[in-house]
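[1] Sharing a model prediction with you, sequence too.
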Amino acid sequence: MKGARYTNEEMMVVSIARQVRDFETVAVGAVSPVPAAGCILAEQMYAPNITLLMLDVEEYYPFSAGSSELHFLAQRGELDLFFLSGVQIDEHANFNLHVIGNYRRPDVRLAGAYGSGMLYYMARRVIFFRTEHSLRTFVPKVDFVSGAGVTPDTVYRQGGPSLVITPKGILEWDNRTAQWKILYVQPASSYHDVQAHTGFELRPSDSFRYAAPPTNKELSCLRTVARYKLEATYPDFFQNNVLRD
Amino acid sequence: MGVPYLAVRGLLGSDLLSYRDDFLVRENPFNAGEQTVLAQSIRPDVAVFHALKADKFGNAITPGRRDDAMMARAASTVIVTTEEVIEDRLKETDAISSTFINGLDVAAVAHVPLGAHPCGCGTLYDLDEIHFAKYIQAARSDQTFSSYLKEYIYDLDSHEEYLAKVNSSANSVHLA
């Protein structure tokens, strides 16, 4: 079945699944259907030995107390991978989940960062997911720093920015040069398209490639197993963004 | 926990630290050279929860993640409204996949069926999206919000009247 139809969100789910490493302890926060589905796919197909923790998904939340358990686990340094969104993400890997405009008199007050200002420092890798790849998302400087990409040595830090996954491409954070680089261009996009919709200069990563489209196996697994496990938590996502086989 | 503050990792470099005076940056006294954030504890005067069930001793079961229990502990006064009042004493083990709020922490329980509206209450009823949209519109300015409060709260005599009013608006049928 060459050229199977798929949505932007499905491509992002598959992109995430391919980036999860086996044996990692991986956590997914609330209101995060794309990484939630990506991790189910990873566990089914590529990384069967991950420890997967997901807020609001009972099967994957083995704690008796609330979301504080996840935060404490990260504070203890036991979290390998976490996923964040960012309404704005900038050249220096700062992200913004607080306000657009001035903090005291914002144009838009966003929902807030919840634990992300801590998780961004204490998870070994953080992968950003953003369904909108545009100049208003990828800005030279965020309006408000919810979490900083780079910090001085006096700050205890286990990890930080790793990747940004969008429908156009995957950016990789180069720790050595403190820059975002283009790791993958998604099948529906081009190198020029990614750069044109990013508000700062990108260079190709040494391992730059065009991403392979989702395989039939990946799509079926997402549309059956991930749907079955997550539909109760994310009914709208599966209704609107995941096709039926 | 009842501690005056906690030391947390992360947050350094965030703009939050310039706006919040309850966050301080201090050196870790046990690890020279490491900066940490001290976060002052939050002690609300009042916390209000809507429960699935509550008993006359103040024990209550609320839906969802168990962060409610921590908030109940933190607040000086806790008020519980509830879908149902139970005769027998509720126990911690009655809260499977839900949250147990200890009666020790609770000052008052009120029987208010459908009291979470326009929010939802566990699997009992969903949030009322139509009413929520109306609320969000109203919250855009002080003026529109005052008229919202007048229409849905101050001009009404009881919760029953409120329910009758919101139930008559389109698409709230799931409340019935």
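    On my side now, so go ahead.

[2] Please count neighbours and contacts with C-alpha atoms only from this point.
    Will do.

[3] Next up, phi/psi of the residue at minimal distance from the centre of chain B, please.
    In chain B, the residue lying closest to the centroid (Cα atoms, centre = their mean) is B:Phe49, at 5.1 Å. With angles defined as degrees, to the nearest 10, B:Phe49 sits at phi -130, psi 150.

[4] Name the nearest residue to it, sequence neighbours excluded.
    Once flanking residues are discounted, B:Phe49 sits nearest to B:Val80: 4.9 Å by Cα to Cα, 6 or more residues apart in numbering or on different chains.

[5] Ok, A:Ala4 next?
    Residue nearest to A:Ala4 in three dimensions, not counting chain neighbours: A:Asn216, with 7.4 Å by Cα to Cα, 6+ apart.

[6] SS state for B:Phe100?
    strand (DSSP: H, G, I helix; E, B strand; the rest coil).

[7] how many neighbours does the nearest residue to it once chain neighbours are set aside have?
    Leaving aside its chain neighbours, B:Phe100 sits nearest to B:Ile61 (4.7 Å; criterion: Cα to Cα, 6+ apart). For B:Ile61, the number of neighbouring residues by other Cα atoms under 10 Å in any protein chain shown comes to 28.

[8] B:Ile61 and B:Ser97 touch, don't they?
    No: look at B:Ile61 against B:Ser97 with Cα atoms under 8 Å: they stay out of range, at 10.1 Å.

[9] which regions of chain A lie under the pLDDT threshold?
    A:1-2 (pLDDT under 70).

[10] and it, which of its residues are near chain B?
    Chain A has residues A:56, A:58, A:64-68, A:75, A:117-122, A:144-148, A:151, A:154-157 near chain B, with proximity defined as Cα under 8 Å from any Cα of the partner chain.

[11] please redo it, this time with the cut-off set to 7 Å
    A:65-67, A:75, A:117-118, A:121-122, A:144-148, A:151, A:154-156 (Cα under 7 Å from any Cα of the partner chain).

[12] Just the buried ones among the residues you listed, please.
    A:65-67, A:75, A:117-118, A:121-122, A:144-148, A:151, A:155-156 (16 or more other Cα atoms under 10 Å in any protein chain shown).

[13] would you list every one of the helices in chain B?
    B:16-19, B:67-74, B:129-138, B:142-149, B:159-168 (DSSP state H).

[14] Kindly report the same for chain A.
    A:8-19, A:33-45, A:68-75, A:116-122, A:191-196, A:216-221, A:227-230, A:235-241.

[15] residue contacts, the residue nearest to B:Phe49?
    B:48-51, B:108-110 (Cα atoms under 7 Å, 6 or more residues apart in numbering or on different chains).

[16] State the pLDDT value of it.
    As predicted, B:Val80 sits at a pLDDT of 98.

[17] and it, how far is that from B:Val48?
    Distance check for B:Val80 against B:Val48: by Cα to Cα, to the nearest Å, it reads 6 Å.

[18] likewise B:Leu24?
    29 Å.

[19] neighbour-wise, which of the two wins?
    B:Val48 (17 against 14).

[20] For that one, which residues are in contact?
    B:Val48 neighbours (Cα under 7 Å, 6+ apart): B:78-80.

[21] again, only this time at 10 Å
    If a contact means Cα atoms under 10 Å, 6 or more residues apart in numbering or on different chains, then B:Val48 has B:68, B:71-72, B:75, B:77-81, B:106, B:108-109 as its contacts.

[22] so can I have CSV of those showing distance to A:Leu84?
    Below are the contacts of B:Val48 laid out as CSV (distance: Cα to Cα, whole Å):
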residue, distance to A:Leu84
B:Asp68, 24
B:Met71, 25
B:Ala72, 29
B:Ala75, 30
B:Thr77, 35
B:Val78, 33
B:Ile79, 34
B:Val80, 34
B:Thr81, 35
B:Val106, 36
B:Ala108, 39
B:Val109, 38
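
[23] In PyMOL, select just the buried ones from the residues you listed.
    This is the PyMOL syntax for the buried subset of those, where burial follows 16+ other Cα under 10 Å:
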select buried, chain B and resi 68+71+72+75+77+78+79+80+81+106+109
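
[24] and which of the contacts of B:Val48 is nearest chain A?
    Closest approach to chain A among the contacts of B:Val48 (Cα to the nearest Cα): B:Asp68, at 8.1 Å.

[25] neighbours around the residue nearest to the closest one when sequence neighbours are not counted, how many?
    Using Cα to Cα, 6+ apart and skipping residues adjacent in sequence, the residue nearest B:Asp68 is B:Thr99, 6.9 Å away. Around B:Thr99 there are 25 other residues, counting by other Cα under 10 Å.

[26] Help me confirm that B:Thr99 comes into contact with B:Ala54.
    No: using Cα atoms under 10 Å, B:Thr99 is not in contact with B:Ala54; the gap is 11.5 Å.
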